[in-house]
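Asks: sequence and predicted structure below; questions after.
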Amino acid sequence: MTAPEGSPVVARTTDLVDNQARRFSIGQGRAKVDGFVVRVNGKYFAYINRCKHMAMPLDLVENQFFTRTRKYIKCQSHGAMYLPESGKCVAGPCRGKALDPLPIRIEGEEILFAGFDDE
């Protein structure tokens with residue numbers, strides 16, 4: 001399914017500075033997806049908010065996704081560390097796996113969920 005006109009806004013570009021993330025939810029019921037958008041070097045990436053080690057949210061405290069140095073996205077429960085640009089786990093119990101990306105697009109100052117491909 002592709003994103004319909006009026007795609008959900010998941011964040012605003014003005015909400016995030018480099019090496020910062022913001023949680024969002026789209027859909028309802030069984031179709032609900034919890035995700036987060038991250039900004040790195042002026043680029044935006046979005047992922048499902050679920051650790052690849054165990055199906056738990058990465059942020060125990062809302063919107064705290066990064067390590068103290070802000071170099072990695074870190075699962076606050078298990079210590080897995082992910083590269084923000086690719087979602088690849090580089091340390092911890094799920095090394096080599098990757099976060100599930102979510103499609104987004106930028107329109108002006110809005111970061112929009114771009115929908116899922118049918119393929």
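Replies: All right, it came through fine.
Asks: bridged to the residue lying closest to Val9 once chain neighbours are set aside, which residues?
Replies: Nearest non-adjacent residue to Val9, counting by Cβ to Cβ, 6 or more residues apart in numbering: Glu110, 4.9 Å away. In this view, the C-beta of every residue, glycine as well, is placed from N, C-alpha and C. Going by DSSP bridges, Glu110 is paired in beta bridges with Arg12, Glu107.
Asks: distance of Glu110 from Gly79?
Replies: Counting by Cβ to Cβ, to the nearest Å, the gap from Glu110 to Gly79 is 34 Å.
Asks: higher neighbour count, those two?
Replies: Taking other Cβ atoms under 10 Å, Glu110 and Gly79 do not tie; Glu110 has more neighbours (16 against 13).
Asks: wait, the more buried one sits on Arg12?
Replies: Yes: using Cβ atoms under 8 Å, Glu110 is in contact with Arg12, at 6.0 Å.
Asks: quick one: the helices in the chain, in order.
Replies: Secondary structure of the chain (DSSP state H): no helices present.
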